[in-house]
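Participant: this one's sequence-less:
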């Protein structure tokens, strides 16, 4: 288990606050735009809601172009960006 996941599992009150913050962010115009672009690309690539475990991986700097990638790999890629 990764350190962040472990922290939130051990601190339920803090996890609840984090989920509340995420929920509030997703209601902002910026959060909605990000979610909308992701859903649009997922639909375009045919992976939206079909339970295949794939995500639309956006090409660097693009909101409309991408490729299919395993969800776990796609979500890990953000860590590489932050650490660089």
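Facilitator: Yep, it's here. Keep in mind the model is a prediction, meaning the values are calculated, not measured. Numbering: from 1, shown residues only.
Participant: Give the residue spans of the protein that score low on pLDDT.
Facilitator: In the predicted model, the chain carries pLDDT under 70 at residues 78-84.
Participant: Spell out the residue ranges of the strands in it.
Facilitator: 54-58, 66-70 (DSSP state E).
Participant: Return the most buried member of the ones you listed.
Facilitator: strand 54-58 (a mean of 20; mean count of other C-beta atoms under 10 Å). All C-beta atoms are positioned from the backbone trio N, CA, C, and that covers glycine.
Participant: What is that one packed up against?
Facilitator: helix 29-44, strand 66-70, helix 71-83 (3 or more C-beta pairs under 8 Å, 6 or more residues apart in numbering; DSSP states H and E).
Participant: quick one: that strand to chain centroid distance?
Facilitator: Taking C-alpha atoms, centre = their mean, to the nearest Å, one finds the center of strand 54-58 at 10 Å from the center of the full chain.
Participant: same check, this time on stretch 68-78
Facilitator: So, by C-alpha atoms, centre = their mean, the centroid of stretch 68-78 is 9 Å from its chain's centroid.
Participant: ok now do residue 44, which residues does it touch?
Facilitator: Listed by C-beta atoms under 8 Å, 6 or more residues apart in numbering, the contact set of residue 44 reads residue 56.
Participant: can you list the strands of the chain in TSV and add distance to residue 39?
Facilitator: Output for the strands of the chain, formatted as TSV (distance: least, C-beta to C-beta, whole Å):
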stretch	distance to residue 39
strand 54-58	9
strand 66-70	12
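Participant: Indicate which one of the ones you listed is closest to residue 3.
Facilitator: strand 66-70 (22.2 Å; C-beta to C-beta).
Participant: what packs against that closest one?
Facilitator: strand 54-58.
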